[in-house]
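J.: sequence first, then the predicted structure, then my questions.
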Amino acid sequence: MRRRKFLALIAILVVAAFIATLVFAWPKPTPQGLSTVDVQIIKAPANSVYFIYPDSNKSRTKPSDVGYPSQEEYGAYRTALGVLMGLFANSQVERADTSASIDAKSGMPRSDLNGPLVLIGGPSLHASVYYYEKERKAPLYLEGSDSKSKSYCLYTREGVKIEPSFVEKAKVGGDTDIFLIEVFKDYYSGPETYGNTLSRDVFVIYGYTWKGTLAGVKFFATSVYPNMASYSDEYYVVRWVDASEGASHDRAPDSGDKYEILAGEVGSSLKIQVPQEYLLPLSALAVLVVGVAVAFRKGWVEVAIERAEGEGEAESGGDIGAEKLEFDKEALREYRDVFEGVRGARDLLAKEREKLSKERESLSRASDDLVKKREALEAMKAEMEKTRVEFEKTAQELAELRNRITEDAKLLEDEKMKLRLEKDELMKAKESFASEVSGFESRMAEMSKKLKEKGRRLEERERALSERERAMDRERIDLNELRAQLSKQLEEISKAKACPSCGRRVDAAAVFCDGCGRRLRNV
């Protein structure tokens, strides 16, 4: 007797279906890490991305450990923001880290910022970067951002030190600096949700100093953005070193400087992720294969074939072997279940094939679009070449302008020295004038006292004079009355005449003398 396993063919079919699913229905590779910034952030719809920059207005509230940038730092951050916005396909929204959309105590972006966030600036000056690093939501966090520390160093959210990022503070900010570029998911809760059920992409660039931040933005614009597919890690730590000679030797970040990647790998960003809709059919096929293998291994499914010799002769005269098939009823039931599973898998595979055909059609259309985009890219390259030539000319002009600015800066420095000297002289004159003013004020106070005393005396004299005037007025009245009496008496005297006998003055109309009684006239 020999045994044959009838389900070998079925097992082969199942394995073939499984392999076909892997080949034709396996999901396409998807970009990961920093390479997702292009599609999810840079090419996002208009007004759906929020650029958040550190505010320099000290009258607005930030978390207690977060400071305010100087005018130089603020200008650098605004410049970096402008460079990034130039890469975006659509116009987006700008917000300060002190706006109502940012929690003033913690720096947490609120739920109304429901789109990707672009953060420029480090945790010592940017409230939201401070929040993400303090809560360990960001892939990296910076140690040494406070004023007491003497060095900088970056750590992963798990606390692993990135050794190449360690540097003393005195060695950065001149012609070298270190910066990081990172992207991550922020899971948060909205006003009508429970728990961290919402998510948004967060894109961060900052350096140890403002020069590092500018270098990070320029490195992203000139090196990362043209080759986004090669940057698949969620963070990159890079050292910037100013060029030692040439036009780029200006102690400012530009494309001619040296950039060294300290952490993060550059390579293909295509990684396979299995969507949820593919997990069920793949799991069913895997279970079928394992089940068939176990059934054969245990001997649950088999066919016994026996040949009997000499038990009869056929009409043709030849010996015909009699074959007897013996089936295990339990095995038949399992065999039927296996076929039902295969039938379901076949239907599922047909649906997946339809999906695959649709995807192929979309891929063909995408291929045509890609050809058009490639042609547009070639034209863009030609335009970029022209732009490069113009840029070189502009760079030469900028170098000349920089030299003129340097000369003007020297002249300005000389003028500042002169102004300082003049300021010192003015301060001395001011002090002298202040002393003179104080002496004058004391003299004025003394004169004021004397004038008050004289005024008091004049008032007393005026009162005495007024009394004298009133007395004189009364005496003048009495004199006038006396004068009137005298005038009357004079008139009477002028009318009187002397008595010829005794010489007494008598009235002219008198008939007799009052003295001697002589008759003076006849009546």
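T.: Sure, I can see it.
J.: which stretches of the stretch 101-250 of the chain form strands?
T.: Under the criterion DSSP state E, counting those that start in this stretch, strands of the stretch 101-250 of the chain are mapped to 117-120, 140-143, 151-156, 161-168, 176-188, 198-207, 235-241.
J.: the stretch 351-500 of the chain now?
T.: Listed in chain order, the strands of the stretch 351-500 of the chain (DSSP E, counting those that start in this stretch) span 497-498.
J.: picking that back up, how about the strands of the stretch 101-250 of the chain in CSV, adding mean neighbour count?
T.: In short, each C-beta sits where N, CA and C put it, glycine included. Converted to CSV, the strands of the stretch 101-250 of the chain look like this (neighbours: other Cβ atoms under 10 Å):
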stretch, mean neighbour count
strand 117-120, 24
strand 140-143, 20
strand 151-156, 18
strand 161-168, 15
strand 176-188, 22
strand 198-207, 21
strand 235-241, 21
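J.: of all those, which one is nearest residue 470?
T.: Comparison of the strands of the stretch 101-250 of the chain against residue 470 by Cβ to Cβ identifies strand 117-120 as nearest, at 92.1 Å.
J.: and that closest one, what does it pack against?
T.: Under the contact definition 3 or more Cβ pairs under 8 Å, 6 or more residues apart in numbering; DSSP states H and E, strand 117-120 sits against strand 50-53, helix 71-87, helix 127-134, strand 198-207.
J.: hmm, back to that, between the strands of the stretch 101-250 of the chain, which one is closest to residue 469.
T.: Closest approach to residue 469 among these is made by strand 117-120 (90.4 Å; Cβ to Cβ).
J.: so what strands line up beside the closest one?
T.: Strand pairing for strand 117-120, using DSSP bridges, gives strand 50-53 (parallel), strand 198-207 (parallel).
J.: quick one: mean pLDDT for that strand?
T.: Mean per-residue pLDDT for strand 117-120: 95.
J.: dump that strand to PDB, keeping only the CA atoms.
T.: Output of strand 117-120 as PDB, limited to C-alpha atoms (Å, rounded to 0.1, in the frame of the first residue of the first chain):
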ATOM      1  CA  LEU A 117       3.400  73.900  12.500                       C
ATOM      2  CA  VAL A 118       6.800  75.300  11.400                       C
ATOM      3  CA  LEU A 119       8.900  76.500  14.400                       C
ATOM      4  CA  ILE A 120      12.000  78.700  14.000                       C
END
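J.: how far off centre is that strand?
T.: With Cα atoms, centre = their mean, to the nearest Å as the basis, strand 117-120 stands 6 Å off its chain's centre.
J.: where are the low-confidence patches of the stretch 151-300 of the chain?
T.: For the stretch 151-300 of the chain, the stretches flagged by pLDDT under 70 are 190-197, 266-300.
J.: turn the helices and strands packed on strand 117-120 into TSV, including distance to residue 480.
T.: Shown next, in TSV, are those (distance: least, Cβ to Cβ, whole Å):
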stretch	distance to residue 480
strand 50-53	100
helix 71-87	91
helix 127-134	100
strand 198-207	108
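J.: domain assignment for the protein?
T.: Listed domain ranges for the chain are 30-271, 391-506 (source: automatic domain parsing).
J.: got TSV for those, with distance to residue 367 too?
T.: Converted to TSV, the domains of the chain look like this (distance: least, Cβ to Cβ, whole Å):
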stretch	distance to residue 367
domain 30-271	17
domain 391-506	34
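J.: quick one on the thing from earlier: of the helices and strands packed on strand 117-120, which is nearest residue 169?
T.: strand 198-207 (12.5 Å).
J.: relative to helix 127-134, how tilted is the closest one?
T.: Angle, strand 198-207 to helix 127-134, by axes from the mean of the first three to the mean of the last three Cα atoms, to 10 degrees: 100 degrees.
J.: pull the distance from strand 198-207 to the chain's centre.
T.: Taking Cα atoms, centre = their mean, one finds the center of strand 198-207 at 11 Å from the center of the full chain.
J.: mind exporting that strand as CSV, just the C-alpha atoms?
T.: Output of strand 198-207 as CSV, limited to C-alpha atoms (Å, rounded to 0.1, in the frame of the first residue of the first chain):
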residue,chain,number,x,y,z
LEU,A,198,-5.9,64.6,17.0
SER,A,199,-2.5,65.0,15.4
ARG,A,200,-0.5,67.6,13.5
ASP,A,201,3.0,67.6,11.9
VAL,A,202,5.6,69.8,13.6
PHE,A,203,8.7,70.9,11.7
VAL,A,204,11.5,72.5,13.7
ILE,A,205,14.8,74.3,12.7
TYR,A,206,17.1,76.0,15.2
GLY,A,207,20.8,76.4,16.0
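J.: count the residues that sit near residue 211.
T.: Using other Cβ atoms under 10 Å, residue 211 has 23 neighbouring residues.
J.: against residue 77, how distant is it?
T.: Using Cβ to Cβ, to the nearest Å, residue 211 is found at 12 Å from residue 77.
J.: now do the contacts for the most centrally placed residue in the chain.
T.: The centre of the chain sits closest to residue 53, judged by Cα atoms, centre = their mean, with a distance of 1.7 Å. Residue 53 sits next to 77, 78, 81, 94, 95, 96, 97, 120, 121, 126 when contact means Cβ atoms under 8 Å, 6 or more residues apart in numbering.
J.: and the residues you listed, which are buried?
T.: Buried members of the contacts of residue 53, counted by 16 or more other Cβ atoms under 10 Å: 77, 81, 95, 96, 97, 120, 121, 126.
J.: looking at those residues, spot the one nearest residue 250.
T.: Proximity of these to residue 250 (Cβ to Cβ) peaks at residue 77, which lies at 19.7 Å.
J.: I figured that closest one was touching residue 118, is that so?
T.: No. The criterion here is Cβ atoms under 8 Å, and residue 77 misses it with residue 118 at 11.8 Å.
J.: and the residue lying closest to residue 117 once chain neighbours are set aside, what does it touch?
T.: Of all residues not flanking residue 117 in the chain, residue 202 sits nearest, at 4.8 Å (Cβ to Cβ, 6 or more residues apart in numbering). When contacts are counted by Cβ under 8 Å, 6+ apart, residue 202 touches 116, 117, 119, 132, 137, 138, 183, 184, 185, 186.
J.: what count of nearby residues applies to the fifth one?
T.: Taking other Cβ under 10 Å as the neighbour definition, residue 137 ends up with a count of 17.
J.: ok, now which ones touch it?
T.: Residues in contact with residue 137 (Cβ under 8 Å, 6+ apart) are 131, 157, 184, 186, 202.
J.: tell me what the third one is bridged to.
T.: Going by DSSP bridges, residue 184 is paired in beta bridges with residue 202.
J.: re earlier: residue 504 is nearest to which of the strands of the stretch 101-250 of the chain?
T.: strand 117-120 (135.4 Å).
J.: so the nearest residue to residue 224 once chain neighbours are set aside versus residue 87, what's the distance?
T.: Leaving aside its sequence neighbours, residue 224 sits nearest to residue 231 (Cβ to Cβ, 6+ apart; 5.5 Å). Going from residue 231 to residue 87 by Cβ to Cβ gives 14 Å.
J.: tell me which of the helices and strands packed on strand 117-120 lies nearest to residue 415.
T.: Taking Cβ to Cβ, helix 71-87 is the member of the helices and strands packed on strand 117-120 nearest to residue 415, at 20.5 Å.
J.: dump the C-alpha coordinates for the closest one into PDB.
T.: Backbone C-alpha positions of helix 71-87 (Å, rounded to 0.1, in the frame of the first residue of the first chain) are rendered in PDB as follows:
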ATOM      1  CA  GLN A  71      16.800  92.900  17.600                       C
ATOM      2  CA  GLU A  72      19.700  91.100  15.800                       C
ATOM      3  CA  GLU A  73      18.300  87.700  16.700                       C
ATOM      4  CA  TYR A  74      14.700  88.700  15.800                       C
ATOM      5  CA  GLY A  75      15.900  90.000  12.400                       C
ATOM      6  CA  ALA A  76      17.700  86.700  11.800                       C
ATOM      7  CA  TYR A  77      14.600  84.600  12.700                       C
ATOM      8  CA  ARG A  78      12.400  86.700  10.400                       C
ATOM      9  CA  THR A  79      15.000  86.300   7.600                       C
ATOM     10  CA  ALA A  80      15.000  82.500   8.100                       C
ATOM     11  CA  LEU A  81      11.200  82.500   8.100                       C
ATOM     12  CA  GLY A  82      11.200  84.400   4.800                       C
ATOM     13  CA  VAL A  83      13.600  81.900   3.200                       C
ATOM     14  CA  LEU A  84      11.400  79.000   4.200                       C
ATOM     15  CA  MET A  85       8.200  80.600   3.000                       C
ATOM     16  CA  GLY A  86       9.800  81.100  -0.400                       C
ATOM     17  CA  LEU A  87       9.900  77.300  -0.700                       C
END
